[in-house]
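In: For reference, the sequence and a predicted model appear below.
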Amino acid sequence: MKNLAPFTTPIYVTRPLLPSRDDMVRKIDEIWKSCWLTNNGPQHQLFELALEKYLGAPNISLFCNGTLALQLACQALRLSGEVITTPFTFPATPHVLYWNNIKPVFCDIEEYTFNLNPECIEPLITPETTAILPVHAFGYPCKIDEIQAIANRHGLRVIYDAAHCFGVEFNNEPIGNFGDASMFSFHATKIFHTMEGGALTYKDKNLKEQLELSKNFGFKGEELVLVPGINAKMNEMQAAMGLLMLNIVKKESERRKQLTFIYRKRMKSIPGINFRKDLSGVKHNYYNFAIRIDEKEFGMDRNNLYDKLKEYNIFTRKYFYPLCSRFECYRTQPSASSLNLPVAEKVTGQVLSLPLYGDLSSEDINRVCDIISFINKNLKG
Ligand code: T4K
């Protein structure tokens, strides 16, 4: 079989969406003129208002990154003891619990969505449990109603890691309006970003004051320090980037949708490759395209395919591998046992995120598919 040529330049799993350089220069001029670089400056104020409207969120606060947003949300909601969460996530999710002196209790996930399996939550609840911290993995909403029903039955808080969910809606409701709070990450690798950054949306408007205090050292005015806060403020460059991104993110999401549909059409015919489709009632943002590789059917396991694709200059990522429950800092606790997490253990060994971003052409996506298909056919001789 004739070999396929590698891409001449590296194709990464993602590339950041960027506003035009001219627009950014104009924003920089505004910042220079104001001579206000951080600490709730004019760009920050504009961005917060614009975002509130865009996300349809009644209460919102901005942060320098998603991790600190989530960490301070746990504090503002007075979480303690144990919090039930998923092992199939970025390290930030359990780490924010650790930094709040809370024990992460790992719960298994669903085979199809990769999200917390509501059926596995209740057996993990103890008198120490104060909350559930689910992740909407790759922007696919969790079983929100079932999780909320469990939380209501046991008097628990629900705080969502919605890092991947910018613009996602569930039953026509913005995703950030569920649970007690939701965290959005605005890291450069996200569909919407402020280079680094994050936001919290929350149900109780009274949390705003606490969050504003705790992201600015606990300062109220110039001389009063009310709580042992930290520095988690979004700066003016980040906020300016956010304002410009709001104008272009919808188009990016539409473009990624087109590319996702090409992937789905092509991947369907490759044996041993599965992927998630759109969920009913969900407005997706098409942030990421993750496939699952069945080694027996495909003829090669995920790790080998990941390595093989590098030979073609295609840099995929194993999000999320290894599971957080396998990290040195968590692996000894009972809930981290692989016996407790059979589905997560299986999924983490099979998933691979393929390149997806608006600057890729349809030809690029078709070529990635041709290469995966070629690798598969070559294996079978
Ligand atoms: N919860 C969840 C579920 C999360 O996924 C994350 C973050 C968080 C919480 C925490 O939110 P933040 O505190 O970060 O706001 C990346 C991101 O650093 C991380 O934000 C993100 N999740 C995670 C899924 O992905 P890495 O280590 O994979 O990034 P990196 O640098 O390897 O970048 C991946 C690819 O992106 C590169 O191969 C090329 C491209 N890239 C990256 C950057 C930074 C660019 O083209 N330009 C760039 O500037 O973690």
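Out: All right, it came through fine.
In: going forward, measure contacts and count neighbours with C-alpha atoms only.
Out: Fine.
In: Which strand or helix spans Leu213?
Out: Using DSSP states H and E, Leu213 maps to helix 207-214.
In: Tell me which other helices or strands that helix touches.
Out: If you count contacts as 3 or more C-alpha pairs under 8 Å, 6 or more residues apart in numbering; DSSP states H and E, helix 207-214 packs onto strand 60-63, helix 66-76.
In: The first one packs against which elements?
Out: Secondary-structure packing of strand 60-63 (3+ C-alpha pairs under 8 Å, 6+ apart): helix 42-55, strand 198-202, helix 207-214.
In: Could you point out which of those sits nearest Leu356?
Out: strand 198-202 (21.6 Å; C-alpha to C-alpha).
In: Wait, Ile314 touches Thr8, no?
Out: No. Counting by C-alpha atoms under 8 Å, Ile314 does not reach Thr8; the two are 10.0 Å apart.
In: more neighbours, those two?
Out: Ile314 (22 against 8; other C-alpha atoms under 10 Å).
In: Out of the helices and strands packed on helix 207-214, which is the most enclosed?
Out: Highest mean neighbour count of the helices and strands packed on helix 207-214: strand 60-63, a mean of 26 (counted as mean count of other C-alpha atoms under 10 Å).
In: What is the end-to-end distance of stretch 112-130?
Out: Length of stretch 112-130, first residue to last, C-alpha to C-alpha, to the nearest Å: 27 Å.
In: Could you tell me how many residues sit around Lys310?
Out: 17.
In: same question, Val25
Out: 11.
In: what's whichever helix or strand it is part of in contact with?
Out: If you go by DSSP H and E, Val25 is part of helix 21-34. Contact partners of helix 21-34, identified using C-alpha atoms under 8 Å, 6 or more residues apart in numbering, comprise 37, 43, 236-237, 240-241, 244.
In: any idea which of the residues you listed is closest to the ligand?
Out: Closest approach between the contacts of helix 21-34 and the ligand, by C-alpha to the nearest ligand atom: Met241, at 13.5 Å.
In: ok, now how distant is the closest one from Leu309?
Out: Applying C-alpha to C-alpha, the value for Met241 to Leu309 is 33 Å.
In: Comparing those two, which residue is more hemmed in?
Out: Using other C-alpha under 10 Å, the more surrounded residue of Met241 and Leu309 is Met241, with 22 against 17.
In: pLDDT weak spots in the protein?
Out: 1-2, 380-381 (pLDDT under 70).
In: can you pull out the helices in it?
Out: In the chain, helices defined by DSSP state H lie at 21-34, 42-55, 66-76, 92-99, 144-154, 207-214, 236-246, 249-267, 295-298, 302-311, 342-348, 362-379, listed in chain order.
In: possible to save those helices as CSV with distance to the ligand?
Out: Shown next, in CSV, are those (distance: least, C-alpha to the nearest ligand atom, whole Å):
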stretch, distance to the ligand
helix 21-34, 16
helix 42-55, 16
helix 66-76, 4
helix 92-99, 5
helix 144-154, 17
helix 207-214, 17
helix 236-246, 12
helix 249-267, 15
helix 295-298, 24
helix 302-311, 12
helix 342-348, 14
helix 362-379, 16
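In: Got phi/psi on the nearest residue to Glu110 once chain neighbours are set aside?
Out: Closest residue in space to Glu110, ignoring its immediate chain neighbours: Asn117 at 5.0 Å, by C-alpha to C-alpha, 6 or more residues apart in numbering. Per-residue torsions, Asn117: phi -90, psi 110 (degrees, to the nearest 10).
In: So Asn117 sits against Pro123, correct?
Out: No. Using C-alpha under 8 Å, Asn117 is not in contact with Pro123, being 11.7 Å away.
In: the more surrounded of those two?
Out: Asn117 (20 against 8).
In: circling back: as TSV, the helices and strands packed on strand 60-63 with mean neighbour count would be great.
Out: Formatted as TSV, these follow (neighbours: other C-alpha atoms under 10 Å):
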stretch	mean neighbour count
helix 42-55	17
strand 198-202	27
helix 207-214	20
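In: Could you say which one of those comes nearest to Pro104?
Out: Among the helices and strands packed on strand 60-63, the nearest to Pro104 by C-alpha to C-alpha is strand 198-202 (20.4 Å).
In: With only the CA atoms kept, save the closest one in CSV.
Out: Output in CSV follows, covering the C-alpha atoms of strand 198-202 (Å, rounded to 0.1, in the frame of the first residue of the first chain):
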residue,chain,number,x,y,z
GLY,A,198,-11.6,32.0,34.1
ALA,A,199,-15.0,32.9,35.4
LEU,A,200,-17.5,31.7,37.9
THR,A,201,-21.2,31.8,37.5
TYR,A,202,-23.3,31.2,40.7
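In: now for that strand, which elements pack on it?
Out: Helices and strands touching strand 198-202, by 3+ C-alpha pairs under 8 Å, 6+ apart, are strand 60-63, helix 66-76, strand 181-185.
In: Tell me how many other residues crowd the spatially closest residue to Glu295 that is not a sequence neighbour.
Out: Computed as C-alpha to C-alpha, 6+ apart, the closest residue to Glu295 that is not its neighbour in sequence is Asp301, at 4.5 Å. Look at Asp301: counted by other C-alpha under 10 Å, it has 17 neighbours.
In: repeat for Val13
Out: Using other C-alpha under 10 Å, Val13 has 19 other residues around it.
In: Can you give me the neighbour number for Leu243?
Out: 24.
In: oh, I was asking about His136
Out: 23.
In: separation between it and Pro127?
Out: Distance from His136 to Pro127, by C-alpha to C-alpha: 26 Å.
In: on that earlier part again, let me have the contacts of helix 21-34 in TSV, extended by distance to Gln75.
Out: Converted to TSV, the contacts of helix 21-34 look like this (distance: C-alpha to C-alpha, whole Å):
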residue	distance to Gln75
Leu37	27
Gln43	27
Glu236	25
Met237	27
Ala240	28
Met241	28
Leu244	31
